[in-house]
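Q: next come a sequence and a model predicted from it.
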Amino acid sequence: MTAAFAVTVALRRSLSLTPASAVRGTLTVPGDKSISHRYVMLGGAASGTTAITNLAPGADVASTVACIAALGARIDPQGPNALAIAGLGAAGFRQPGAPLDAGNSGTTLRLLSGLVASQPIRVSLVGDESLSRRPMQRIIDPLSAMGARITSANGCSPLVIEGGALQAIDWHVPVASAQVKSAILLAGLGARGTTIVREPLLTRDHTERAFPAFGLRVRTEGTISSVDGGQTPVAPAGTLAVPGDPSSAAVWAAAAAALPGSRVRIEGVLLNPHRLGFLRALERMGARINSEITGETGGEPIGSLDIVHDDHLPTVIEAEEVPSLIDELPVLAARAALGGALEVSGAGELRVKESDRITALVTGLRQMGVPADERPDGFVVDGRVRPTGGEVDAAGDHRLVMAFALVALGATGPTTITGAHAVGVSYPSFEQDLARLVP
């Protein structure tokens, strides 16, 4: 069952690239990871059968699928990246026979913690070495305040959650995080009373958009979201089609923006305004971009992007902009490395991703001949000198594989990226799509 959804593309441990004059073409990108996680989790908790197509094909969502199956939901593959999930509804999740393995996926671990916290079961949640270093106290504190009993390894996974009756809370999230917000809202579905989450900055709203698709009531007003307890998801009547992932699209958008003579069109991509900060940044860096909404699925707008190179301009990204482009900062740095300059602050959250993305990014850029400096909560990239290429380590981080590949396209010499297999976490077909766009 879960093997049918596992990543099947053979990914090499290193990727060798030569410079390119431009990127051109039209393509679609894999389904969005953030939405895929939420649809699978809500489908597993729902009454009825949820049909989902265009699920993100990478290892992260495969981890969520495996965890939901281990909790008792029946999952039937329906073709490539498509599933039918017979949810457990009011009966609730079953006691798993073994720890739930989130792999490298922080979204799986954090959101699933909220989902199981109201269930009368004992669940152990584990992850790989990288995930086991990432901070989980940010979900442990609110879920514990609601009444869940949680033990951890010094605020990191493994987590052991003894769920049960929860009490609603009014929680101020100290660090803007859609994962923390979502974990609390998911727990709030099974809590007594109304759960309120207050954020310091607006973050992704995929959970709030997915709730109505599953018959759940949620209220949002600015940075405040709330949900009433006692609600059980209901499977949607129709099929949920996951839109294309804008974080994957950002790589090709940045490549087109960086290389003169480039033109790329991306179709069927998610155009949620909370995920398009990278487009606004690319425009300030000199790109010409046209976006067109052509439809909607599950409350999410979808459409097309057309990106053309126009200029190289210096750009500054500050804290209030970071939540809307946190995952795209590495490819924006790569864009700046090929012309112009970029200064980023207020992005300390990058240090607790799959790698310390600030240190690993700056180190890698320097290895490729790019002037770059590290700051406590950001970095500076100077693109006035063309990169040389060379050998660079992606530090086991899928976002860095894609960023360094972009820099390699504009370098003066060949590049070898070690640890390139990490790209399979989110984009198993990355190398094939790259080959399609390079003339």
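A: Yep, that arrived. Numbers count the residues shown, from 1 in each chain.
Q: next one: the nearest residue to Ala168 once chain neighbours are set aside from Ser118, what distance?
A: The shortest distance from Ala168 to any residue that is not its chain neighbour, by CB to CB, 6 or more residues apart in numbering, is 3.3 Å, and that residue is Gly193. (Each C-beta comes from the backbone N, C-alpha and C, glycine too.) Separation of Gly193 from Ser118 (CB to CB, to the nearest Å) stands at 12 Å.
Q: looking at these two, which is more packed in?
A: When neighbours are counted by other CB atoms under 10 Å, Gly193 and Ser118 differ, and Ser118 comes out ahead with 25 against 15.
Q: can you give me the strands in the stretch 101-250 of the chain?
A: With DSSP state E, counting those that start in this stretch applied, the stretch 101-250 of the chain shows strands at 122-126, 149-153, 156-162, 166-167, 170-172, 191-192, 194-198, 218-221, 224-228, 240-241, listed in chain order.
Q: quick check, the residue nearest to Ala168 in contact with Gly229.
A: Yes: proximity of Gly193 to Gly229 meets the contact threshold set by CB atoms under 8 Å, at 5.8 Å.
Q: any stretches of this protein with poor pLDDT?
A: In the prediction, the chain carries residues with pLDDT under 70 at positions 1-12.
Q: show me the contacts for the residue lying closest to Ala255 once chain neighbours are set aside.
A: Closest residue to Ala255 apart from its sequence neighbours, by CB to CB, 6+ apart: Val23 at 4.7 Å. Under the criterion of CB atoms under 8 Å, 6 or more residues apart in numbering, the contact list for Val23 reads 252, 255-256, 259, 262, 264, 409, 437-438.
Q: hmm, try it at 7 Å
A: Contact analysis of Val23 by CB atoms under 7 Å, 6 or more residues apart in numbering lists 252, 255-256, 259, 262, 264, 437-438.
Q: please apply the same query to Ala405.
A: Contacts of Ala405 were listed using CB under 7 Å, 6+ apart, and they are 15, 17, 417, 434.
Q: now tabulate these in TSV and tack on secondary structure.
A: Conversion of these to TSV gives the following (DSSP: H, G, I helix; E, B strand; the rest coil):
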residue	secondary structure
Leu15	strand
Leu17	strand
Ile417	strand
Leu434	helix
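Q: next, give me the two most distant ones among those residues.
A: Looking at the contacts of Ala405 by CB to CB, the two members farthest from one another are Ile417 and Leu434, with 11.5 Å of separation.
Q: the more surrounded of the two?
A: Here Ile417 and Leu434 are set side by side on neighbour count (other CB under 10 Å), and the busier one is Ile417, at 27 against 22.
Q: who's in contact with the more buried one?
A: When contacts are taken as CB under 7 Å, 6+ apart, Ile417 is in contact with 14-15, 392, 394, 401, 404-405.
Q: hmm, which of those are the buried ones?
A: Neighbour counting over the contacts of Ile417 (16 or more other CB atoms under 10 Å) leaves 15, 392, 394, 401, 404-405 as the buried ones.
Q: OK, contacts around the closest residue to Pro260 other than its chain neighbours?
A: With CB to CB, 6+ apart as the measure, His309 is the residue that lies nearest to Pro260, at 5.2 Å, once sequence neighbours are left out. Taking CB under 7 Å, 6+ apart as the definition of contact, the neighbours of His309 are 256-262, 287.
Q: domain-wise, how is the chain divided?
A: Domain ranges of the chain: 3-29+245-437, 33-227, per automatic domain parsing.
Q: and the ones you listed as JSON lines, adding distance to Ala235?
A: Listed next are these as JSON lines, based on distance: least, CB to CB, whole Å:
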{"stretch": "domain 3-29+245-437", "distance to Ala235": "12"}
{"stretch": "domain 33-227", "distance to Ala235": "3"}
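Q: among those, which comes closest to Thr239?
A: Closest of the domains of the chain to Thr239 is domain 33-227, at 4.3 Å (criterion: CB to CB).
Q: can you give me the end-to-end distance of that closest one?
A: 23 Å (CA to CA, to the nearest Å).
Q: and if you look at stretch 116-131?
A: Counting by CA to CA, the length from the leading to the trailing residue of stretch 116-131 is 19 Å.
Q: could you do stretch 374-381 as well?
A: The first and last residues of stretch 374-381 sit 9 Å apart, counting by CA to CA.
Q: so the closest residue to Thr388 other than its chain neighbours is in which element?
A: Taking CB to CB, 6+ apart as the measure, Thr388 lies nearest to Gly369, with 3.4 Å between them; neighbours along the chain are not counted. In this assignment (DSSP states H and E), Gly369 forms part of neither any helix nor any strand.
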